[in-house]
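Novice: fold the following.
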Amino acid sequence: MRADECRSLRGELASVALDRSEDDGRTRTLAHLDGCADCRHELSELRRTVRALPAASLEHLDTDHMPSTDLADRITRSAREERHHTRHRRGRRAARVLAGVAAAAAAIVALVSFALVRIDDTSAALQPFATAPNGAIATFGLEKNNQGTKILLRQRGLDPARVYWLWLTDASGQRFSAGTFRGTAHDETITLQSALPLDQTVRVWCTDSDTAVVLDSWIQR
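Specialist: Residues are numbered from 1 along each chain as shown. This next block holds a predicted model:
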């Protein structure tokens, strides 16, 4: 059942949000996300929280209630333990581990909710992709127009010898092409266009010529 699969992947969602997931777990999770709006929403919230952490002002937080400095490591460790139990004891429920991961994520959201960045129907401000290859820097901005959605893409560090495809995805999982571009070793800003309206866009992502996902972000307004 999908509900059981969602529960088994909650720990892996935290690892993906922290960019600490292992290859096998990440592949399974991304495949599940393509068909599960609830898990996409949960991952989007976790990623937005992780991106917002550097913007939190420690001077305005009550240090008596701040999470410990090893919180990210403990979340990752819990996710790995949950994967182990899921693989070898499919019928056994790991409620305690999942509750710990959910509680830790909720604590982070409560601390930094004031710093979250949202996309509205008029903003084209650039923000970083939640997922990007090591050594690459990429940001995007979205703006609605009469043809759908205009995408401003700034990137550096993607392989100049490769062609990349940019996609927008709606809530049903259908993807819409926004065109192609080449990687570059220098800062480059390009404008792309997709037929998908901005208010229906929930994901911005990029694949290489081997169809591997290289840039990825989930959006929530």
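Novice: could you give the mean pLDDT of stretch 32-39?
Specialist: Regarding stretch 32-39, the rounded mean pLDDT is 80.
Novice: same question for stretch 211-221.
Specialist: 89.
Novice: what do you get for stretch 183-192?
Specialist: For stretch 183-192, mean pLDDT rounds to 94.
Novice: how long is it end to end?
Specialist: This stretch, stretch 183-192, spans 14 Å end to end (C-alpha to C-alpha, to the nearest Å).
Novice: which SS state does R47 fall under?
Specialist: Assigned state for R47: helix (three-state reduction, DSSP: H, G, I helix; E, B strand; the rest coil).
Novice: sorry, slip of the keys, the one I care about is T149.
Specialist: When the structure is split into helix, strand and coil by three-state DSSP, T149 lands in strand.
Novice: contacts only, for it.
Specialist: Counting by C-beta atoms under 8 Å, 6 or more residues apart in numbering, T149 makes contact with L142, E143, L168, A178, Q193, S194, L196, P197, L198, T201. For glycine as for every other residue, the C-beta is placed from the backbone atoms N, C-alpha and C.
Novice: over to G148?
Specialist: Contact criterion C-beta under 8 Å, 6+ apart gives F176, Q193, S194, A195, L196, P197, L198 as the residues in contact with G148.
Novice: possible to save those residues as JSON lines with secondary structure?
Specialist: As requested, the contacts of G148 are exported to JSON lines (three-state DSSP):
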{"residue": "F176", "secondary structure": "strand"}
{"residue": "Q193", "secondary structure": "strand"}
{"residue": "S194", "secondary structure": "strand"}
{"residue": "A195", "secondary structure": "coil"}
{"residue": "L196", "secondary structure": "coil"}
{"residue": "P197", "secondary structure": "coil"}
{"residue": "L198", "secondary structure": "helix"}
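Novice: ChimeraX command for the buried members of those?
Specialist: Under the burial definition 16 or more other C-beta atoms under 10 Å, those of the contacts of G148 that qualify are selected in ChimeraX by:
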select :176,194,196,197,198
